[in-house]
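J.: Model the structure of this input:
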Amino acid sequence: LGIVPSSVVLTSFQVMSRVFLIWAVTHSVKEVQSEDSVLLFVIAWTITEIIRYSFYTFSLLNHLPYLIKWARYTLFIVLYPMGVSGELLTIYAALPFVRQAGLYSISLPNKYNFSFDYYAFLILIMISYIPIFPQLYFHMIHQRRKILSHTEEHKKFE
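T.: Presented below is the predicted three-dimensional model:
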């Protein structure tokens, strides 16, 4: 669409992962709703979105304050690990309840000859953070260097 410079694929992945964490984990496993880890990812997501949409709004208005740009490319250093930690700890806290209840699992035999173990699926989701998180995190570090150093050089000549 071109309204914001984000990749449609990355944005879709982020939205779907958040829907998954909210609905398929936190909403579905009532026992984890009072965990501190939920508060951790909700606070991280909230601050991130306030910064992100402030950045987009001011950018669209062609009046981006340096503080907003700096916050967009700096606060993720703390917020991203904070959010990921909250997400992983919440999934981990849900595991015993998912296993005990057989939540969303389908066992054999059945007429479709298909089985699905939601407990194992959640473990695979947690393991997937190992290769994905560092790639995204270091991509943001690279973006930070590129964008903020460009801004600093630009400011010298103003």
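J.: Every contact and neighbour count from this point should use C-alpha atoms.
T.: Noted.
J.: Isn't Val29 up against Phe97?
T.: Yes - counting by CA atoms under 8 Å, Phe97 is a contact partner of Val29 at 7.0 Å.
J.: Comparing the two, which residue is more hemmed in?
T.: A direct count of neighbours by other CA atoms under 10 Å for Val29 and Phe97 places Val29 higher, at 20 against 16.
J.: so what pLDDT did that one get?
T.: According to the prediction, Val29 has pLDDT 98.
J.: got the contact list for it?
T.: By CA atoms under 8 Å, 6 or more residues apart in numbering, Val29 lies in contact with Ala94, Phe97, Val98.
J.: between those residues, which is nearest Ile141?
T.: Ala94 (31.3 Å; CA to CA).
J.: Provide a list of residues in contact with the closest one.
T.: Val25, Thr26, Val29, Glu31, Val32.
J.: neighbours around the last one, how many?
T.: Using other CA under 10 Å as the criterion, Val32 is surrounded by 21 other residues.
J.: Tell me the confidence at it?
T.: 98.
J.: correct me, but it touches Leu21?
T.: No - the pair Val32 / Leu21 is not scored as a contact, 11.4 Å apart, by CA under 8 Å.
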